[in-house]
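Chemist: next input, structure requested:
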Amino acid sequence: MDALKRTPLYDLHVALGAKMVPFAGWEMPVQYPMGVLNEHLHTRKAAGLFDVSHMGQVILGGRDAVAGLEKLVPADVAGLAQGRQRYGLFTNPEGGILDDLMIANKGDHLFLVVNAACAAQDIAHLDAAGLAPEVVTDRALLALQGPAAEAALARLVPGVAGMRFMDVAEFEWTAPDGGSATLWVSRSGYTGEDGFEISLPADHAEAFTRALLDQPEVAPIGLGARDSLRLEAGLPLYGHDMDQGVSPAAAGLGWSIPKVRRAGGEREGGFPGAERILPELGKSARARRGLIPEGRAPIREGVELYRTSGSAEPIGRVTSGGFGPSVGGPVAMASLPADLPEGETVFAELRGKRIPARIAPMPFVTPTYKR
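Modeler: Alright, predicted model coming up:
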């Protein structure tokens, strides 16, 4: 068995009392002494700091980077303005999803952030397409999320206050020892809150993290609360709510495919699986739906769903589920028939009982992105 990899902040996590667990081949903090529930609530009311250095950071350079990437993703990469980023999907020839990613236009190159569990596959995919990906191995990646994220980060890096949702920019930070580091900052995240993702040199990661944790609003947050925050925000997780057998429409991600790449668009199709994906947009038989179960018991991934309390055959299954601390009760996302209306009740099979669950709009909390 391969040894688990460690981020540049491993020693700091241990010093802060984190519970470390294996995750996508890395040893990562799942929670700190504050506990998952309090970490979640702290992020919603103030600012939470996450180590996401396990995610893959990739640079695509050269004049063919934009056209080459559009052959792999159904996103408008050519129309992405410098200093902006957008969400995208790697698709396969069968119309399923290989991974989701962020794509930033930094002028002379594209900067991609991909999921840790899929990073090796994604890099090989880019390489096979002749895009010569440059894998960034000497930088950490942080996510600072919450309504106080701007105030906390702006004390260290004043320029971030002028950024809006999905902006990307570079800033210099002067460390307490007099050294400096170039920060690659995006105003984005995966919690439903305003916030930033910050790529920085690994040898400055601990000093910068400590400087952020010195801000009164900021607390360290683990993977446990990161999952419950994104669930409340109605944000899908690769390998759970989408995978190689799920199309963008069925995953509720048709919005990420713009008009220019759709049927009749200027650059229609041209990406793997377009023949299935494009006709299915707006017409998928299945969809990712929000659920609010009755009672206090969470319904978790894999739980089967039935049309009535007595139905013999399941009509879907839960893809993500748990307790929503901000909502004050259980929430879930599920793969269900697309034609079931909001407000309809389905039934979850839980420990031999059928629990009613109402189909509800997502997100379960109101996003606070700075537009």
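Chemist: burial check on residue 366, number of neighbours?
Modeler: Residue 366 sits with 7 neighbouring residues when counted by other CB atoms under 10 Å. For the C-beta atoms, the positions are set from N, CA and C on the backbone; glycine is no exception.
Chemist: got it, and the one 4 residues further on?
Modeler: The burial metric for residue 370, expressed as a neighbour count using other CB under 10 Å, is 14.
Chemist: from residue 195, how far off is it?
Modeler: Going from residue 370 to residue 195 by CB to CB, to the nearest Å gives 9 Å.
Chemist: need the residues touching each of these two.
Modeler: Counting by CB atoms under 8 Å, 6 or more residues apart in numbering, the shared contacts of residue 370 and residue 195 are residue 187.
Chemist: what stretches of this structure score poorly on pLDDT?
Modeler: Judged by pLDDT under 70, the chain has its weakly predicted residues at 1.
Chemist: need the contact list for residue 369.
Modeler: 165, 193-194.
Chemist: tell me which element residue 59 falls in.
Modeler: Here residue 59 sits within strand 56-61, counting by DSSP states H and E.
Chemist: please disregard the earlier target; I meant residue 317.
Modeler: The secondary structure element spanning residue 317 is strand 316-324 (assigned by DSSP H and E).
Chemist: what lines up beside that strand in the sheet?
Modeler: Strand pairing for strand 316-324, using DSSP bridges, gives strand 304-306 (antiparallel), strand 329-337 (antiparallel).
Chemist: residues contacting that strand, please?
Modeler: Residues outside strand 316-324 that contact it (CB under 8 Å, 6+ apart) are 227-228, 231-232, 236-237, 240-241, 286, 288, 291, 298-305, 329-337, 346, 348, 364-365.
Chemist: cutoff 6 Å now
Modeler: Strand 316-324 has contacts (CB atoms under 6 Å, 6 or more residues apart in numbering) with 228, 231-232, 240-241, 298-301, 303-305, 330-336, 364.
Chemist: same thing with stretch 275-288?
Modeler: Contacts of stretch 275-288 (CB under 6 Å, 6+ apart): 95, 241, 247-252, 254, 262-263, 333, 335, 338.
Chemist: tell me which residues of it come out buried.
Modeler: Across stretch 275-288, burial judged by 16 or more other CB atoms under 10 Å covers 276-278, 280-281, 284, 286-288.
Chemist: what do you get for stretch 65-72?
Modeler: Within stretch 65-72, the residues that count as buried by 16+ other CB under 10 Å are 65-66, 68-70, 72.
Chemist: which of these lies closest to residue 80?
Modeler: Using CB to CB, residue 66 is the member of the buried residues of stretch 65-72 that sits closest to residue 80, with 8.1 Å.
Chemist: mind checking the SS state of that closest one?
Modeler: On the three-state scheme (DSSP: H, G, I helix; E, B strand; the rest coil), residue 66 is labelled helix.
Chemist: settle this for me: it is touching residue 76, isn't it.
Modeler: No - Residue 66 is beyond contact range of residue 76, at 10.1 Å (criterion: CB atoms under 6 Å).
Chemist: thinking again about what came up before, dump the buried residues of stretch 275-288 to CSV, plus secondary structure and distance to residue 117.
Modeler: Shown next, in CSV, are the buried residues of stretch 275-288 (DSSP: H, G, I helix; E, B strand; the rest coil; distance: CB to CB, whole Å):
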residue, secondary structure, distance to residue 117
276, helix, 24
277, helix, 23
278, helix, 27
280, helix, 26
281, coil, 27
284, coil, 25
286, strand, 23
287, strand, 24
288, strand, 19
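Chemist: of all those, which two lie farthest apart?
Modeler: For these, the farthest-apart pair by CB to CB is 278 and 288; their separation is 18.7 Å.
Chemist: export the buried residues of stretch 65-72 to TSV and append columns for distance to residue 29.
Modeler: Shown next, in TSV, are the buried residues of stretch 65-72 (distance: CB to CB, whole Å):
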residue	distance to residue 29
65	34
66	36
68	36
69	32
70	37
72	32
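Chemist: hey, where'd the strands end up in the stretch 101-250 of the chain?
Modeler: 109-114, 134-135, 139-145, 168-174, 180-186, 195-201, 218-220 (DSSP state E, counting those that start in this stretch).
Chemist: nearest to residue 83, out of those strands?
Modeler: Judged by CB to CB, the one of the strands of the stretch 101-250 of the chain that comes nearest to residue 83 is strand 168-174, at 5.8 Å.
Chemist: which strands or helices does the closest one pack on?
Modeler: When contacts are defined as 3 or more CB pairs under 6 Å, 6 or more residues apart in numbering; DSSP states H and E, strand 168-174 sits against strand 180-186.
Chemist: in the helix or strand where residue 12 lies, which residues are buried?
Modeler: Secondary structure assigned from DSSP H and E places residue 12 in helix 10-15. Across helix 10-15, burial judged by 16+ other CB under 10 Å covers 10, 12-13.
Chemist: now the strands for the stretch 251-371 of the chain?
Modeler: Using DSSP E, counting those that start in this stretch, the strands found in the stretch 251-371 of the chain span residues 286-293, 304-306, 316-324, 329-337, 345-350, 353-360.
Chemist: mind saving the C-alpha coords of the fifth one as PDB?
Modeler: Put plainly, it is strand 345-350. What follows is strand 345-350, C-alpha atoms only, in PDB (Å, rounded to 0.1, in the frame of the first residue of the first chain):
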ATOM      1  CA  THR A 345     -42.900  13.200  -1.000                       C
ATOM      2  CA  VAL A 346     -40.700  10.200  -1.600                       C
ATOM      3  CA  PHE A 347     -39.800   7.500   0.900                       C
ATOM      4  CA  ALA A 348     -36.300   6.500   2.100                       C
ATOM      5  CA  GLU A 349     -35.600   3.000   3.300                       C
ATOM      6  CA  LEU A 350     -33.800   3.500   6.600                       C
END
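Chemist: can you list the strands that that strand pairs with?
Modeler: Take DSSP bridges as the rule and strand 345-350 pairs in its sheet with strand 304-306 (antiparallel), strand 353-360 (antiparallel).
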